[in-house]
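Q: sequence and predicted structure are below.
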Amino acid sequence: MAQQAIEVFRACIPLFNALSDPARQDIVLLLAEHESLSVNEIANHSKLSRPAISHHLKIMRDNNLVTIEQIGTVRNYSLSLEKSVKQLKQLINIVESECIFDDKGEKDDV
């Protein structure tokens with residue numbers, strides 16, 4: 001089962017990298033407060049430039065954290081966390097079942 005734990009951890013690395021940046025964390029929290037926002041609207045709530053926001057949104061889109069809806073010439077971004085949450089739950093489950101030990105070095109039944 002250790003191999004499965006390693007595979008799940010490795011599969012989460014891109015998600016951890018995407019979420020490790022404070023600017024992207026801010027964008028996640030901002031989008032959680034709004035149904036959807038354009039790049040300009042996100043930039044209005046940030047100290048970052050519009051190109052920097054676009055860069056972060058691309059990374060987030062590549063990691064399935066946001067989706068885009070095109071309305072005319074405006075692209076609105078919304079959170080899309082279902083896949084990521086499922087992946088993190090899988091990681092938590094495998095850590096709980098395979099990696100948690102008690103003070104005696106024995107596997108804890110969580």
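A: That came in fine, so what should we check first?
Q: could you measure from the residue lying closest to Val74 once chain neighbours are set aside over to Lys58?
A: Closest residue to Val74 apart from its sequence neighbours, by Cβ to Cβ, 6 or more residues apart in numbering: Ser38 at 5.1 Å. All C-beta atoms are positioned from the backbone trio N, CA, C, and that covers glycine. Per Cβ to Cβ, to the nearest Å, Ser38 is found 15 Å from Lys58.
Q: for Asn17, same thing?
A: To Lys58, Asn17 is 13 Å away according to Cβ to Cβ.
Q: over to Glu96?
A: Distance of Glu96 to Lys58, given as Cβ to Cβ: 34 Å.
Q: for this protein, give me the ranges with low pLDDT.
A: Applying pLDDT under 70 to the chain flags the ranges 1, 100-110.
Q: quick one: the helices in it, in order.
A: Counting by DSSP state H, the chain has helices at residues 2-19, 22-33, 39-44, 50-62, 82-98.
Q: neighbour count: Ser38 and Lys58, which is higher?
A: Between Ser38 and Lys58, Ser38 has the larger neighbour count (other Cβ atoms under 10 Å), namely 16 against 11.
Q: now that one: how far from Leu31?
A: When distances are taken as Cβ to Cβ, Ser38 and Leu31 turn out to be 11 Å apart.
Q: same question, Ser54
A: According to Cβ to Cβ, Ser54 and Leu31 sit 14 Å apart.
Q: what about these two, which has more around it?
A: Neighbours were counted for Ser54 and for Leu31 using other Cβ under 10 Å; Leu31 has more, 21 against 15.
Q: and the more buried one, how far is that from Leu81?
A: Using Cβ to Cβ, Leu31 is found at 10 Å from Leu81.
Q: same deal with Arg61?
A: Here Arg61 is placed at a distance of 13 Å from Leu81 (Cβ to Cβ).
Q: you'd agree Leu30 is up against His45?
A: Yes - taking Cβ atoms under 8 Å as the definition, Leu30 is a contact partner of His45 at 5.5 Å.
Q: report the distance from stretch 56-69 to the chain centre.
A: Chain-centre distance of stretch 56-69: 9 Å, with Cα atoms, centre = their mean, to the nearest Å.
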